[in-house]
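Undergrad: Have a look at this prediction, sequence included:
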Amino acid sequence: MITGKPLLTTEQINQKVIELAHRISEDYKGKEIVLVGLLRGAFMFFADLARNIKVPLVIDFLTASSYMQTTTSGEVKIHCDIHEDIENRHVIVVDDIIDTGISLNFIRERLLQKNPASLKICVLLDKQDRRIVDVPVDYRGFNIPDEFVVGYGLDYENNYRNLPHIAIFKKAH
Ligand code: IMP
Ligand code: MG
């Protein structure tokens, strides 16, 4: 169940997304970006971020899942890969949240093998206390405490993704 008031309100999120998009637009002046969204969690953040970036960009998506819960080895599986050829292009990977860092680390290493001109990572949320693998995060929206959160794309068993804000989720006993 959803507990208490929003951890992050729609207004806080919107303001942060615009701020991140402005920073990206400044940093990539004169360049074209390949914006790679990680599905499904990043879909809402990705759309809002993309529409506020002022430099030319093309979009692509990648679907992966981490099997942390079952294997603890942090095995990551790619279900649907990117379609663009990213060699010599400027890639920004966009995800909803970085937790252990296992997924983003795996995806980053994999995309780097395709020789992009540059590769940066943008996440809306960062649960820094939970990090197992050190991944360079270039654009970060909010640091959040070690709580399970839902809304604005983030889910619990594929529910709550449509909430316009971010809330803490606790399992009902
Ligand atoms: P990592 O490999 O542990 O960094 O996993 C990151 C992925 O786990 C994110 O892309 C989310 O899909 C999922 N995740 C981690 N924490 C949460 C949370 O609090 N709510 C919803 N999904 C989460
Ligand atoms: Mg995810």
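TA: Ah, there it is. Numbers count the residues shown, from 1 in each chain. Ligands and ions are numbered 1, 2, ... in the order given.
Undergrad: What are the buried residues along the top helix by length along the chain?
TA: Ordering each helix of the chain by length in residues (DSSP state H) puts helix 10-27 first. Within helix 10-27, the residues that qualify as buried are I13, K16, V17, L20, A21, I24, D27, counting by 16 or more other Cβ atoms under 10 Å. To be clear about C-beta, it is placed using only N, CA and C from the backbone, and glycine gets the same treatment.
Undergrad: Any idea what the closest residue to the fourth one other than its chain neighbours is bridged to?
TA: Beyond its immediate neighbours in the sequence, the residue positioned closest to L20 (Cβ to Cβ, 6 or more residues apart in numbering) is Y139, lying 5.3 Å away. Counting by DSSP bridges, Y139 forms beta bridges with C122.
Undergrad: Correct me if wrong: Y139 contacts D126.
TA: No: between Y139 and D126 there is no contact under Cβ atoms under 8 Å: 10.5 Å.
Undergrad: Next up, identify which helix or strand the residue minimising distance to the centre of the chain is on.
TA: Nearest to the mean C-alpha position of the chain, by Cα atoms, centre = their mean, lies D95 at 0.9 Å. Here D95 sits within strand 90-98, counting by DSSP states H and E.
Undergrad: cool, E147 as well?
TA: Per DSSP H and E: nothing holds E147, as it lies in no helix or strand.
Undergrad: ok, back up a step: can you pull the pLDDT of the residue nearest to L20?
TA: Y139 carries a pLDDT score of 98 in this model.
Undergrad: which residues touch it?
TA: L20, R23, I24, I92, K120, I121, C122, V123 (Cβ atoms under 8 Å, 6 or more residues apart in numbering).
Undergrad: Kindly indicate which of those residues lies nearest ligand 1.
TA: Distance to ligand 1, by Cβ to the nearest ligand atom, is smallest for V123 among the contacts of Y139, at 8.4 Å.
Undergrad: what about the closest one, neighbour count?
TA: For V123, the count of nearby residues is 25 (other Cβ atoms under 10 Å).
Undergrad: Now that it has come up, it's in contact with I97, right?
TA: Yes: judged on Cβ under 8 Å, V123 makes contact with I97 at a distance of 6.2 Å.
Undergrad: Give me the below-cutoff pLDDT ranges for the protein.
TA: Applying pLDDT under 70 to the chain flags the ranges 68-73.
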